[in-house]
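Asks: quick one, what's the 3D model for this:
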Amino acid sequence: MIKKEKTLEQLETVQGAGTTGRRGFLKKAALGGVALGSMMHASIEDTVACATQQVKRASSPSELKITDLRCAGRIIKIYTNQDVYGLGEVRDGGDPRYALFLKSRILGLNPCNVEMIFKIIRQFGYHGRQGGGVCAVEMALWDLCGKAYGVPAWQLLGGRYRDKVRLYADTPDRGGADEIATAIKHRMEVQGFTWLKMDLGIHLVSDPEKNIVNNKFWDGAKGQYDMREYTGYGWTEHPFTQVQLTEKACEDMAAVVEKIRKVTGYEIPLASDHFGHFDVNNSIRLGRALEKYRLAWLEDMTPWYYFDQLKSIKDAIETPLCTGEDIYGLKSGFKELIDARCIDIIHPDLATSGGLLETKRIGDYAQEAGIAMAMHMAGTPVCFMANVHCAAATENFLALEHHDPDTPWWESMVKTTGKQPMITKGFANVPLDSPGLGIELNDEVVKERHAQRYGGGMFEPTPEWDEKRSHDRIWS
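Replies: Presented below is the predicted three-dimensional model:
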């Protein structure tokens with residue numbers, strides 16, 4: 001027994017020097033003076049345990065098992081029985097509990113079986129932010145799988161079409177036309193963006209008399225994101241407000257766009273969003289008033305599920321029509337949208353649409369119909385990098401949204417694990433030399449700037465979500 005314990009102690013000492021596999025162990029065992037014959041005096045179980053206790057188990061993907069899921073704000077981390085984990089993110093405006101609810105459904109499964117796990121959990125997602133939990137888990141699985149196999153996520157999606165991903169910068173309407181123009185000039189000249197988007201709400205022209213019909217009833221028609229009252233403007237769908245634009249309103253809106261076009265010129269694509277809640281007829285009238293400025297797209301002119309209304313707008317104007325950031329999943333939304341030929345550009349948000357693989361499939365399906373894909377994104381760098389990998393792997397991709405170019409600490413939430421920075425002058429660098437999503441968290445910044453906003457800690461234990469208590473099958 002004494003001799004056996006001595007052998008085990010020697011093996012542990014050798015392992016403490018660090019090994020990377022069986023060959024490395026044998027080599028270091030010989031160099032360390034451990035006689036291979038002495039191993040015969042230990043049991044097979046003890047020998048294997050000692051020989052592999054310092055081996056990076058990420059080199060054994062087939063043996064991976066999910067052991068935990070925890071949150072830091074909207075960012076999630078999936079843990080395994082080996083020295084590897086995956087990062088994902090619940091969509092902006094979503095609840096981390098959308099992801100925590102799924103923990104009991106994935107514990108004990110191999111995270112590299114991404115598609116199988118997605119099929120298990122996809123029934124628990126829905127349109128809008130309700131898809132955030134499923135998508136966060138899917139992101140984390142690809143990150144984890146890429147790390148386990150030592151390859152970037154884009155490689156697991158079939159390879160890449162590009163090394164750089166073109167970004168478009170969202171430019172909120174802070175103040176009015178002059179402020180938008182100033183911000184857009186900064187986007188171009190300082191930040192280096194080559195594709196731009198501006199918020200162009202009707203509230204920009206609502207103050208002058210004879211511009212907006214029925215806006216005072218809706219408190220100025222400015223609160224389209226005010227969700228406090230179900231019967232308020234923010235909850236009322238576009239066809240049901242009877243808000244209308246007069247000719248003067250269309251002229252004033254065109255004047256705003258003209259001022260901004262003088263700044264951008266016509267080399268840079270300029271898209272527009274956030275018009276407000278008015279019906280199809282007013283969408284057509286406004287679209288025609290803005291046609292001469294050759295906007296890249298008009299976004300979300302009516303709720304995405306009114307296919308006939310979108311088709312009416314698309315057929316009546318020349319400016320491309322774009323929608324899709326709230327659609328969950330290919331079959332439940334995008335396929336019908338694409339088949340109806342009622343849109344020029346699809347605009348999925350990967351944190352709602354189903355994650356990396358589903359969004360690539362959406363893009364591929366749209367390409368068969370001759371439709372391009374831009375990507376909506378308003379999250380942290382975790383979600384951003386998931387989008388970068390998907391965009392790199394999708395051929396008909398146009399541009400990806402960067403929603404926080406003015407937030408000084410945004411990029412510092414993560415550290416890239418490859419040689420390149422995350423963003424260079426309006427383009428995201430596709431990770432070529434780092435596995436998974438190609439990032440690790442900067443815990444201090446995430447804790448200070450993100451996690452505390454949700455009243456939670458940094459990846460605290462979540463045992464209350466371990467137990468599954470329902471029968472999930474949706475058929476008999």
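
Asks: what residue is smack in the middle of the chain?
Replies: Cys383 (3.7 Å; Cα atoms, centre = their mean).

Asks: now that one, what are its backbone angles?
Replies: Reported as degrees, to the nearest 10, the phi and psi values for Cys383 are phi -60, psi -40.

Asks: who does the residue nearest to it when sequence neighbours are not counted form a beta bridge with?
Replies: Distance criterion Cβ to Cβ, 6 or more residues apart in numbering; nearest residue to Cys383, sequence neighbours excluded, is Glu89 at 4.2 Å. The way it works is simple: take the backbone N, C-alpha and C, and place the C-beta from them, glycine included. Beta-bridge pairing for Glu89 (DSSP bridges): Ile75.

Asks: I'd say Glu89 and Lys77 touch.
Replies: No. Glu89 is not in contact with Lys77 according to Cβ atoms under 8 Å; the separation is 10.4 Å.

Asks: neighbour-wise, which of these two wins?
Replies: Glu89 (29 against 20; other Cβ atoms under 10 Å).

Asks: in stretch 179-188, what counts as buried?
Replies: Ile180, Ala181, Ala183, Ile184, Arg187, Met188 (16 or more other Cβ atoms under 10 Å).

Asks: ok, Lys65 - contacts?
Replies: By Cβ atoms under 8 Å, 6 or more residues apart in numbering, the contact set of Lys65 is Thr80, Asn81, Gly108, Leu109, Asn110.

Asks: mind doing that once more with 6 Å?
Replies: Contacts for Lys65 were tallied using Cβ atoms under 6 Å, 6 or more residues apart in numbering; they are Asn81, Gly108.

Asks: now swap in Gly128 and tell me
Replies: With Cβ under 6 Å, 6+ apart, Gly128 has these contacts: Asp326.

Asks: stretch 369-378: how far from the chain's middle?
Replies: From the chain centre to the centre of stretch 369-378 is a distance of 13 Å (Cα atoms, centre = their mean, to the nearest Å).

Asks: contact partners of that stretch?
Replies: Taking Cβ under 6 Å, 6+ apart as the rule, stretch 369-378 contacts 92, 325, 338, 345-347, 349, 363, 366, 384, 387, 396-401, 403.

Asks: kindly report the same for stretch 351-367.
Replies: So stretch 351-367 is contacted by 91, 131-132, 135, 138-139, 142, 157, 328-330, 334, 338, 346, 348, 350, 373, 383, 386, 390, 393-394, 396 (Cβ under 6 Å, 6+ apart).

Asks: can you flag which of these belong to helices?
Replies: Gly132, Cys135, Glu138, Met139, Trp142, Ile338, Leu350, Cys383, Ala386, Cys390 (DSSP state H).

Asks: pLDDT and distance to Arg473 added to these, as TSV?
Replies: Below are those laid out as TSV (pLDDT from 0 to 100; distance: Cβ to Cβ, whole Å):
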residue	pLDDT	distance to Arg473
Gly132	97	23
Cys135	98	22
Glu138	98	21
Met139	98	25
Trp142	98	26
Ile338	96	29
Leu350	98	28
Cys383	98	31
Ala386	98	29
Cys390	98	30
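
Asks: can you give me the helices in the stretch 1-150 of the chain?
Replies: Under the criterion DSSP state H, counting those that start in this stretch, helices of the stretch 1-150 of the chain are mapped to 2-16, 22-31, 44-52, 97-100, 103-106, 114-121, 132-149.

Asks: can you count the residues close to Ser312?
Replies: 17.

Asks: which element is it on?
Replies: helix 307-316 (DSSP states H and E).

Asks: which other helices and strands contact that helix?
Replies: helix 280-289 (3 or more Cβ pairs under 6 Å, 6 or more residues apart in numbering; DSSP states H and E).

Asks: other SSEs contacting the helix it packs on?
Replies: Helix 280-289 packs on strand 244-245, helix 247-264, helix 307-316, going by 3+ Cβ pairs under 6 Å, 6+ apart.

Asks: so which of the ones you listed gets nearest Asn282?
Replies: strand 244-245 (5.0 Å; Cβ to Cβ).

Asks: neighbouring strands of that closest one in the sheet, and parallel or not?
Replies: strand 212-213 (antiparallel).

Asks: how about the strands in the stretch 351-476 of the chain?
Replies: Under the criterion DSSP state E, counting those that start in this stretch, the stretch 351-476 of the chain contains strands at 372-375, 397-402, 414-416, 423-424, 427-429, 439-441.

Asks: among the ones you listed, which is the most enclosed?
Replies: strand 372-375 (a mean of 26; mean count of other Cβ atoms under 10 Å).

Asks: would you map the helices across the stretch 351-476 of the chain?
Replies: 356-368, 381-392, 443-449.

Asks: out of the helices and strands packed on helix 280-289, which is the most enclosed?
Replies: strand 244-245 (a mean of 22).

Asks: how far out from the middle of the chain is that strand?
Replies: So, by Cα atoms, centre = their mean, the centroid of strand 244-245 is 35 Å from its chain's centroid.

Asks: which residues touch that strand?
Replies: Contacts of strand 244-245 (Cβ under 6 Å, 6+ apart): Val213, Asn282, Leu286.

Asks: wait, which of these is closest to Ala451?
Replies: Leu286 (41.3 Å).

Asks: burial of that closest one, as a residue count?
Replies: Going by other Cβ under 10 Å, the residues that sit close to Leu286 add up to 26.

Asks: let me have the helices of the stretch 351-476 of the chain in CSV, extended by distance to Asp433.
Replies: CSV is the format used below for the helices of the stretch 351-476 of the chain (distance: least, Cβ to Cβ, whole Å):
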stretch, distance to Asp433
helix 356-368, 19
helix 381-392, 14
helix 443-449, 23
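
Asks: closest to Gln224 out of these?
Replies: helix 381-392 (23.2 Å).

Asks: hmm, back to that, relative to Ile260, which of the contacts of strand 244-245 is nearest.
Replies: Leu286 (15.5 Å).

Asks: tell me who's in contact with that closest one.
Replies: Leu245, Cys250.

Asks: and what of Ala451?
Replies: Ala72, Gly73, Met458.

Asks: number of nearby residues for the second one?
Replies: Yep, that's Gly73 we're talking about. 21.
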